[in-house]
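Chemist: Predicted model and sequence below, questions to follow.
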Amino acid sequence: MTDAPEDLTNPAAESDAELAFEGALRPRSLSEFVGQAKARGQLQLLITAAGMQNRTPDHILLAGPPGLGKTTLAMIVAHETGKPLRLTSGPAIQHAGDLAAVLSSLTPGEVLFIDEIHRMARPAEEMLYLAMEDFRIDIMVGKGAGATSIPLELAPFTLVGATTRSGLLPNPLRDRFGFTAHLEFYDEPELQQVLHRTADMLGLDIDGRAVAEIAGRCRGTPRIANRLLRRVRDYALVHGGRADLETVRAALELYDVDALGLDRLDRSVMESMLDRFAGGPVGLSTLAVSVGEEAETIESVVEPFLVRIGLITRTPRGRVATPAAWRHFGRTPSQHGSTLDGL
Ligand SMILES: Nc1ncnc2c1ncn2[C@@H]1O[C@H](COP(=O)(O)OP(=O)(O)OP(=O)(O)O)[C@@H](O)[C@H]1O
C-alpha cells in the first residue's frame, strides 16, 4: 500500500492549492449552503431583521469542528448584507495594538471574521469587549503614572467569531455574541449533495453509488468530502476509468482511508487506547503523548468524530473505547485485560 499524505482526512490541514480550490467551491448565499438547517434559519432571521431595521446584524459566534463551513458562513453573512468582509485570526492578534489597527480601519457595516477566536491574546480580548458592545475602544497612551486612555469611536460592524473550542472562550466574550451557531457534522444525504455540487463544478462524471461511498467515508465533513472527491477524480483520470464505486474504493484504499473514514491518526489513537491502555479510561493528555500529537488536535479534530461514530465515550475518569471499537479493530477486550463493565 502506498503511503498516504498525513493530512488527507485531517479537516484542519490545508495546502495553498486546496485553499484556492475551496475558494472556488464556497457557496455564496445561505440558500446555496447545504445542511445546518437550524443555523441557516437562525442566521437568515438575524440578517433579515437587521436589514429591516437598517442596522448591522448582531455579533455571531460559529462553533464546531474544522471544515464544517464556518469561514464559508462568515463570507455568506458579508455577501447577504452586501458589506465587505475582513478576515483575521486569533493567533494573528497577539497584542491589543494589532486588534486596534484592524478595528479602527473598519468601514460602516463591515463584517469582521476572527477565526480561532479562542486563541486571541488576553489584552486584545478585553479591548474587543468594549468594541463589540459600544463600537468604541480605549487606546492607552504612555506608560506608568502618566498613562492616559483616549477613546476612539468605531464604525458599527458585525463580528463573526469562529472557534473549534467554544469551551475555552471566557464568559464575558461569549456573552457579547448575540447568537451562537453550533455547527454539526453533516449526515450522508447532505454530504452527497455537497459532493454532487462539487462534481458538477469540476465537470466530473460520477455515479450515485460512488458519491454515497465517499459520503460514508468523509467524517461528516464537507472539506474532507471535497478532498476525497479530488483524489477520486485523479484516480479516474490516471486509470482511464469512470468515477464509479470501484474507482472510489481503489482510490480510498490507496490513500489509506478506511470504511468508517478513519485515517492514520484516528487509528493510532484507537490502537493506542486498545493496546496500551486496555481500552481506557485514559486521560486526553496521556493519549496525546502516546501518539505524539498535540492534546488540542486530539480534542478538537480526532475525538469529536470518534465520539460521534460511537468508538469512544468520555467519562469523568477519561476516554473509554466502546465495544464497537474493539469489534472494528478486530480485538477482544478479555485478551487485553479490560473489563469494560457498564458499557
Ligand atoms: N454547507 C456546505 N455546503 C457546501 N460546501 C460546504 C459547506 N460547508 C463547507 N463547505 C465546503 O467545505 C470547505 C471548508 O469549509 P470552511 O473553510 O468554511 O470550513 P471551516 O469550518 O471554516 O473550517 P476551518 O475551521 O478549518 O477554517 C469549503 O470548500 C466549503 O466550500
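Modeler: Arrived safely. Numbering: from 1, shown residues only.
Chemist: drop to CA atoms for contacts and neighbour counts, all remaining ones
Modeler: OK.
Chemist: which neighbours does the helix or strand hosting Arg86 have in its sheet, and in what orientation?
Modeler: Assigned by DSSP states H and E, Arg86 falls within strand 85-89. Sheet pairing for strand 85-89, assigned by DSSP bridges, gives strand 111-115 (parallel).
Chemist: Give me the buried positions along the strand holding Arg86.
Modeler: For strand 85-89, burial by neighbour count (16 or more other CA atoms under 10 Å) applies to 85-86, 88-89.
Chemist: could I get the residues you listed as JSON lines with distance to the ligand?
Modeler: Output for these, formatted as JSON lines (distance: CA to the nearest ligand atom, whole Å):
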{"residue": "Leu85", "distance to the ligand": "14"}
{"residue": "Arg86", "distance to the ligand": "14"}
{"residue": "Thr88", "distance to the ligand": "11"}
{"residue": "Ser89", "distance to the ligand": "10"}
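Chemist: Tell me the one of those residues nearest Gly330?
Modeler: For these, the closest approach to Gly330 (CA to CA) belongs to Ser89, at 42.2 Å.
Chemist: Contact partners for the closest one?
Modeler: By CA atoms under 8 Å, 6 or more residues apart in numbering, the contact set of Ser89 is 113-117, 120.
Chemist: The same query, at a cut-off of 6 Å, please.
Modeler: 114-116 (CA atoms under 6 Å, 6 or more residues apart in numbering).
Chemist: can you check Thr322 too?
Modeler: Counted by CA under 6 Å, 6+ apart, Thr322 has contacts 311-312.
Chemist: Of the contacts of Ser89, which is the nearest to Arg230?
Modeler: Looking across the contacts of Ser89 and measuring by CA to CA, the closest to Arg230 is Asp115, at 25.7 Å.
Chemist: nearest residue to the closest one other than its sequence neighbours?
Modeler: Ser89 (4.3 Å; CA to CA, 6 or more residues apart in numbering).
Chemist: Could I get the pLDDT score of the one you found?
Modeler: As predicted, Ser89 sits at a pLDDT of 95.
Chemist: swap in Glu14?
Modeler: Listed pLDDT for Glu14 reads 66.
Chemist: Which residue lies nearest the spatial centre of this protein?
Modeler: Taking CA atoms, centre = their mean as the criterion, Pro66 is the residue nearest the geometric centre of the chain, at 1.5 Å.
Chemist: Now do the strands in the stretch 51-200 of the chain.
Modeler: 60-63, 85-89, 111-115, 136-141, 148-153, 158-163, 179-182 (DSSP state E, counting those that start in this stretch).
Chemist: how about a markdown table for those strands, with distance to Leu73 added?
Modeler: A markdown table is the format used below for the strands of the stretch 51-200 of the chain (distance: least, CA to CA, whole Å):
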| stretch | distance to Leu73 |
| --- | --- |
| strand 60-63 | 9 |
| strand 85-89 | 11 |
| strand 111-115 | 10 |
| strand 136-141 | 26 |
| strand 148-153 | 28 |
| strand 158-163 | 9 |
| strand 179-182 | 10 |
